[in-house]
Each structure stands twice: as structure tokens, then as C-alpha cells.
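> how does the following fold in three dimensions:
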Amino acid sequence: MVTDGDQKRYCMLMAVRDSDYVKKVYGGYFNVFLKAFAEEGEQWELFRVVDGEFPDMDDLHKYHGFVISGSPSDAYGNELWILKLCFLLQTLDAMEKKVLGICFGHQVLCRALGGKVGKAYGGWDLGLRKIRIVEDLPFCNNFFGALHDIPPSLTIIECHQDEVWEVPLGAKVIGFSEQTGVEIFVIGKHILGIQGHPEYTKDILYEIINRLTSNKLIEKEVAEDAKSRLEIGEPDRKSWVKICKNFLKAGDYCP
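Residues are numbered from 1 along each chain as shown. You can find the predicted model right below:
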């Protein structure tokens, strides 16, 4: 990408290692995120936090936004890299840097900032899920775009067995589903957590479901139910990608 001094810089905090499938088809998860969120003239830098790679604390001010990926790890775990990530997120919150957390990223953001996460009471959530958006968004921010453009619900790809139990003090829940009470939360104008996967395409989830089934991590009935829901519906991927990009890149204003 272009590397002039005026370009916007974004930081990708990768909490998952590339699967063989994603490496073969997409060249790695980083490319999946780039295809979804990146635009011409931006610089995106990758840090594989799952392997202990973190941005230098002295460089944090240089980034316009940060994205935390999903992960098979538990956001409530105490591995060193997870604890270090929590400290980084606390620092970014104090700096009021924009941070987008997806799935594990959503959960670890919540944990780092004082909320509670744990195993999902309803078990695995795999496949398509309809998210209800609250009618009166409790903040003044333009990342959802004009209010009249927001449908009352949006469908997203889900792939998780953990969930947010309790949001941090000052957070607002702005999306929920029949399965999960905290699908989307915000803190001020700089923190956005999304439980689902805006960046996923259906083929990525199909492969994950097959892998989970082969490794006996989910029952065949769960896998078949998830696949059947994928076959009869489509995620509102364009809308989710637009929301994420607007959050990361648009200026804050009160209309």
C-alpha cells in the first residue's frame, strides 16, 4: 500500500493462527480483514498477538484505529499474551483510540475494560443469526450512518461458544439476539464490540464447521443445523462491513 506521511494507519491484532484452508484460499486471515475493511491509500500493519507480537507502546499514537480478531482461545484465559493484550486495550481505551473487537476481540475488550465473559449459556452459536438493533441508539456517533438507514435487524455469521456476561461500566448494549444478550456494545465513540463475524464469508464458516466436527468439538447435529441455516439465508455482510469501516474511519459528529 501507499506509504506517504498523510495516509491513515491501522493496526490488526491477530489472535488466531491461519488455518490451512484460509492460507490456501485467501493467503491468511489478515487478507480476509484487508479485503473487508481496507481501502486504497491506507497502511495496515499486522501483529500476531497470539504469538506474542505486539505494537510498541510508543507507537500507539500513530494509529488511527485498531482491530482485534476472533480466536479459538478463551477471552477469560490467563495466557501471557491474553493478559498483555488486556493491558494494551486498557491503554488504548485511556487514549480514546478507536478499537473494534470481533468475536474473541469483542469478549476480550469487555474483560479488559471491567466486564465479565464466560461460556455461553446457550452453548455453541454457529451459522446465521439475526441481530436486533436497539431503536434509540444511546450515543451521538455517525458510525451507523443516518439513523433512517439502519434496519431494525441485521443477519451476521456467528461462530462462538463464549459470550459477554456483563458489559463494562459505561458501556451500552446496542444489539442482541435470541441466543446472545450482548451482540454489540459500545463505549463512548471509540470502542465497538461485535460478537459475530462481519469479515467472514460463508465458505470460511463451512470449513470451520467441518473442522470442528472432524475434531469432535461439536456434535454432528449442531453442524447440520448450522449448515442448514447457512444454506437458506445470507448474512448482511455489506451492511456490517460498512458499519465497521464507518466506525474506524469516519469523524465523530453530532447531527
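> got a list of what the residue most central in space within the chain touches?
Nearest to the geometric centre of the chain sits Ile102, at 1.1 Å (Cα atoms, centre = their mean). Ile102 sits next to Val67, Ile68, Ser69, Gly70, Ile194, Gly196, His197, Pro198, Glu199 when contact means Cβ atoms under 8 Å, 6 or more residues apart in numbering. C-betas here are computed from N, CA, C, even on glycine.
> does the first one count as helix, strand or coil?
Okay, so that is Val67. Per DSSP: H, G, I helix; E, B strand; the rest coil, the secondary structure class of Val67 is strand.
> ok, and the closest non-adjacent residue to Val108?
Excluding the flanking residues, the one nearest Val108 by Cβ to Cβ, 6 or more residues apart in numbering is Ala75, at 4.1 Å.
> list phi and psi for the one you found.
phi -70, psi -20 (degrees, to the nearest 10).
> where's it relative to Gly181, distance?
16 Å (Cβ to Cβ, to the nearest Å).
> of those two, which one has the most company?
Legend: neighbour count by other Cβ atoms under 10 Å for Ala75 and Gly181, higher for Ala75 (27 against 18).
> and the residue nearest to the centre of the chain, what's its pLDDT?
As summarised for this prediction, Ile102 has a pLDDT of 98.
> beta-bridge partners for it, please?
Ile194 (DSSP bridges).
> so Ser19 sits right up against Glu207, yeah?
Yes. Assessed by Cβ atoms under 8 Å, Ser19 is found in contact with Glu207 at 7.0 Å.
> could you measure the residue nearest to the centre of the chain against Ala250, distance?
18 Å.
> next: Pro235.
22 Å.
> so where is this protein shaky, pLDDT-wise?
1-6, 136-150, 251-255 (pLDDT under 70).
> which residues of it fall in helices?
Per DSSP state H, the chain carries helices over the ranges 20-26, 29-37, 80-95, 104-112, 202-214, 220-231, 237-249.
> I'd like those helices as CSV, with mean neighbour count and distance to Ser153 appended.
Converted to CSV, the helices of the chain look like this (neighbours: other Cβ atoms under 10 Å; distance: least, Cβ to Cβ, whole Å):
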stretch, mean neighbour count, distance to Ser153
helix 20-26, 14, 29
helix 29-37, 19, 21
helix 80-95, 16, 29
helix 104-112, 27, 18
helix 202-214, 17, 19
helix 220-231, 15, 15
helix 237-249, 18, 11
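> including distance to Val186, could these go into a markdown table?
Below are the helices of the chain laid out as a markdown table (distance: least, Cβ to Cβ, whole Å):
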| stretch | distance to Val186 |
| --- | --- |
| helix 20-26 | 29 |
| helix 29-37 | 18 |
| helix 80-95 | 12 |
| helix 104-112 | 11 |
| helix 202-214 | 25 |
| helix 220-231 | 27 |
| helix 237-249 | 9 |
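> which among the ones you listed is found nearest to Ile157?
helix 202-214 (5.4 Å; Cβ to Cβ).
> so that closest one versus helix 29-37, what angle?
Per axes from the mean of the first three to the mean of the last three Cα atoms, to 10 degrees, the angle that helix 202-214 makes with helix 29-37 is 140 degrees.
> could you export stretch 156-163 as PDB, CA atoms only?
Only the C-alpha atoms of stretch 156-163 are listed here, as PDB (Å, rounded to 0.1, in the frame of the first residue of the first chain):
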ATOM      1  CA  ILE A 156     -24.500 -12.000  10.700                       C
ATOM      2  CA  ILE A 157     -22.300 -15.100  10.700                       C
ATOM      3  CA  GLU A 158     -21.700 -16.400  14.200                       C
ATOM      4  CA  CYS A 159     -19.000 -18.900  15.400                       C
ATOM      5  CA  HIS A 160     -18.600 -18.900  19.200                       C
ATOM      6  CA  GLN A 161     -19.100 -20.800  22.400                       C
ATOM      7  CA  ASP A 162     -18.200 -18.000  24.800                       C
ATOM      8  CA  GLU A 163     -20.100 -14.700  25.300                       C
END
